[in-house]
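sharing a model prediction with you, sequence too.
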Amino acid sequence: MPVGTNGNKPDIKLIKETQVTEQPPVWSNRKIWALAVGQTLVWAGFFYIFPALLTHWEAYFGWSRETLTFGFSGALIVAAISGIIAGRVIDRGKSQFLLAGSAIAGAVLLASLPQVSTVWQFYLIWLGIGVAMAGCLYEPCFAYLTRRYQEEAKRPIVMITLVAGFAGTICFPVANAISNAIHWQASVWLFAASICFIAAPLLWYGSSEKAPDKTIRSPSTAKPAFATILSLVLRRPRFWALAILFGSVAINHGMIISHILPLIESRGVESGHAIIAASFIGVAQIVGRLAVLPLEKRTSLVVICGIALVGLSAASGSLALAGYSIVFLGTFVLLQGASIGVESITKPLITAQMLGRENFGTISALVSIFFVWGFALAPALGGIIWASYGYDVFFKITMALGLVALIGLIIASRDQRRVEPS
């Protein structure tokens with residue numbers, strides 16, 4: 001039996017730390033499953049609902065595609081800014097309230113979309129949904145998991161992304177089927193209800209475990225000020241390299257996913273086939289994430305991430321050729337989905353590996369500003385490029401973004417090896 005410093009009493013702290021590390025296997029952990037299903041629903045209802053219903057809103061409201069996508073961009077900008085606050089909340093152990101409360105608030109806002117009659121009302125609702133996104137999508141969830149499981153966070157993150165990869169697969173066909181059969185309002189109400197009454201309780205339950213005592217306890221109970229964390233992080237070249245990496249990935253995928261249906265149709269693909277192709281990007285994400293499981297035991301995260309970035313660039317080239325053969329369309333779906341699936345796993349893991357796990361909620365939020373701002377910029381940027389130059393230039397830019405991200409990864413990796421030699 002462990003002996004404490006007084007020589008006759010067990011070391012309670014050591015026993016507690018041993019107990020909290022003995023967790024059930026990830027696939028049998030009900031709390032991880034709860035987070036996985038909850039993430040699937042909030043991603044479907046808050047993120048994928050926009051591109052899924054974009055053409056319906058264009059026809060119903062009579063507003064241009066560029067005007068509509070500015071609402072989504074605004075939501076993502078707000079999400080990036082709010083993410084810093086969300087990160088601090090997670091670092092203080094309030095993940096339950098943040099994840100579940102944000103889901104409920106966002107669901108209420110989503111349900112009010114059918115009531116809008118002016119574009120400013122549309123924008124205002126999406127700005128509010130942006131705040132909700134910051135509190136319940138992947139970033140806060142992964143920050144909680146990293147804080148809770150420390151070095152063992154990889155498996156829970158992989159499992160959650162495997163399940164949540166079906167969000168787009170669910171959203172695109174369901175949203176369009178209900179919109180065509182009834183009305184787009186019915187589709188919005190269905191997703192809002194599923195988030196409020198299913199996702200929020202699951203997120204509350206899934207995030208109910210506390211971080212182990214060794215994470216909470218420290219020689220000083222005072223949390224470092226945000227300015228101190230910011231100063232330390234911004235001085236590292238690898239932080240800026242990671243910002244370039246994840247920002248470029250976000251712009252690439254954001255441009256493509258926000259224009260996915262008209263983008264595929266521009267290659268001469270029928271509307272029905274375009275919806276099917278868009279739906280299978282989520283399945284391809286799962287394929288990519290499954291590939292990580294055997295690879296990560298023999299290959300470094302940096303190499304896996306680099307391979308995915310090459311695939312991301314190649315995906316745009318395949319889509320540009322989709323009008324010639326369905327093989328190119330299938331290749332695009334596989335490469336785009338699998339590459340993004342891999343990036344969603346490696347993003348929090350590489351951030352923790354290169355920038356550390358202390359105050360990870362805040363650090364992750366700082367890195368994610370560029371990622372989320374990339375998504376925020378992407379829909380409007382894609383609309384401007386389409387309106388000014390057409391989709392051929394669109395493809396060239398998304399291809400280049402994959403290569404820029406690869407350069408950022410290489411710079412970050414070299415900086416880490418230089419500063420922290422093995």
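Good, I have the coordinates.

and the helices in the stretch 1-150 of the chain?
12-21, 30-42, 49-61, 65-91, 95-111, 119-136, 138-149 (DSSP state H, counting those that start in this stretch).

can you add mean neighbour count and distance to Arg235 and give those back as a markdown table?
Yep, even glycine has a C-beta here, placed from its N, CA and C like the rest. Conversion of the helices of the stretch 1-150 of the chain to a markdown table gives the following (neighbours: other C-beta atoms under 10 Å; distance: least, C-beta to C-beta, whole Å):
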| stretch | mean neighbour count | distance to Arg235 |
| --- | --- | --- |
| helix 12-21 | 13 | 32 |
| helix 30-42 | 23 | 33 |
| helix 49-61 | 20 | 37 |
| helix 65-91 | 22 | 18 |
| helix 95-111 | 23 | 28 |
| helix 119-136 | 22 | 25 |
| helix 138-149 | 26 | 22 |
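
Met255 is nearest to which of those helices?
With C-beta to C-beta as the measure, helix 65-91 is the member of these nearest Met255 (10.1 Å).

ok, back up a step: any chance of the helices of the stretch 1-150 of the chain in CSV, plus distance to Ile340 and mean pLDDT?
CSV is the format used below for the helices of the stretch 1-150 of the chain (distance: least, C-beta to C-beta, whole Å; pLDDT from 0 to 100):
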stretch, distance to Ile340, mean pLDDT
helix 12-21, 32, 43
helix 30-42, 15, 93
helix 49-61, 14, 89
helix 65-91, 16, 84
helix 95-111, 22, 94
helix 119-136, 17, 94
helix 138-149, 12, 85
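
between those, which one is nearest to Ala277?
Comparison of the helices of the stretch 1-150 of the chain against Ala277 by C-beta to C-beta identifies helix 49-61 as nearest, at 12.8 Å.

any idea of the angle that closest one forms with helix 65-91?
140 degrees (axes from the mean of the first three to the mean of the last three C-alpha atoms, to 10 degrees).

which helices and strands sit right next to helix 49-61?
helix 65-91, helix 166-181, helix 184-194, helix 237-258, helix 260-265 (3 or more C-beta pairs under 8 Å, 6 or more residues apart in numbering; DSSP states H and E).

pass me the low-pLDDT residue ranges in the stretch 201-350 of the chain, would you?
211-230, 296 (pLDDT under 70).

can you rerun that using 50?
Counting by pLDDT under 50, the stretch 201-350 of the chain shows low-confidence ranges at 215-221.

now the helices for it?
Listed in chain order, the helices of the stretch 201-350 of the chain (DSSP H, counting those that start in this stretch) span 213-216, 226-234, 237-258, 260-265, 271-295, 301-320, 326-355.

would you reformat the helices of the stretch 1-150 of the chain as a markdown table and include distance to Ile251?
Shown next, in a markdown table, are the helices of the stretch 1-150 of the chain (distance: least, C-beta to C-beta, whole Å):
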| stretch | distance to Ile251 |
| --- | --- |
| helix 12-21 | 39 |
| helix 30-42 | 22 |
| helix 49-61 | 15 |
| helix 65-91 | 11 |
| helix 95-111 | 24 |
| helix 119-136 | 17 |
| helix 138-149 | 17 |
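
mind checking which of those helices is nearest Leu234?
Of the helices of the stretch 1-150 of the chain, nearest to Leu234 by C-beta to C-beta is helix 65-91, at 13.2 Å.

and the angle from that closest one to helix 119-136?
Using the same axes, to 10 degrees, helix 65-91 lies at 30 degrees relative to helix 119-136.

what's helix 65-91 packed up against?
So helix 65-91, by 3+ C-beta pairs under 8 Å, 6+ apart, packs with helix 49-61, helix 95-111, helix 119-136, helix 138-149, helix 237-258, helix 360-389.

can you list contacts of the shortest one?
The set of residues external to helix 138-149 that reach it, using C-beta atoms under 8 Å, 6 or more residues apart in numbering, is 23, 35, 39, 43, 83, 86-87, 90-91, 95, 98-99, 102, 134, 153, 156-157, 160-161, 164, 203, 207, 209-212, 215, 344, 347-348, 352, 357, 360-361, 364-365, 368, 372.

how about Thr331, what does it touch?
Thr331 touches 315, 318, counting by C-beta under 8 Å, 6+ apart.

against Leu349, how distant is it?
27 Å (C-beta to C-beta, to the nearest Å).

repeat for Leu381
Applying C-beta to C-beta to Leu381 and Leu349 gives a distance of 28 Å.

quick revisit: compare the helices and strands packed on helix 65-91 and give me the one nearest Gly408.
Of the helices and strands packed on helix 65-91, the one closest to Gly408 (C-beta to C-beta) turns out to be helix 237-258, at 3.5 Å.

can you give me the buried ones in that closest one?
Neighbour-count burial for helix 237-258, counted by 16 or more other C-beta atoms under 10 Å, picks out 238-258.

related to what we said a few turns ago, and the helices of the stretch 201-350 of the chain: which comes nearest Val108?
From the helices of the stretch 201-350 of the chain, taking C-beta to C-beta, the stretch that ends up closest is helix 237-258, at 23.9 Å.

hey, C-alpha coordinates of that closest one in CSV?
Extracted in CSV, the C-alpha atoms of helix 237-258 (Å, rounded to 0.1, in the frame of the first residue of the first chain):
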residue,chain,number,x,y,z
PRO,A,237,7.1,30.6,-34.7
ARG,A,238,5.4,27.3,-34.7
PHE,A,239,2.2,28.9,-33.5
TRP,A,240,2.1,31.1,-36.6
ALA,A,241,3.0,28.1,-38.8
LEU,A,242,0.1,26.2,-37.3
ALA,A,243,-2.1,29.2,-37.9
ILE,A,244,-1.2,29.2,-41.6
LEU,A,245,-1.7,25.4,-41.8
PHE,A,246,-5.2,25.2,-40.2
GLY,A,247,-6.3,28.6,-41.7
SER,A,248,-5.5,27.3,-45.2
VAL,A,249,-7.3,24.0,-44.6
ALA,A,250,-10.4,25.8,-43.3
ILE,A,251,-10.5,28.2,-46.3
ASN,A,252,-10.1,25.3,-48.7
HIS,A,253,-12.9,23.2,-47.2
GLY,A,254,-15.1,26.1,-46.3
MET,A,255,-15.1,27.4,-49.9
ILE,A,256,-15.9,23.9,-51.2
ILE,A,257,-18.5,22.8,-48.7
SER,A,258,-20.4,26.1,-48.7
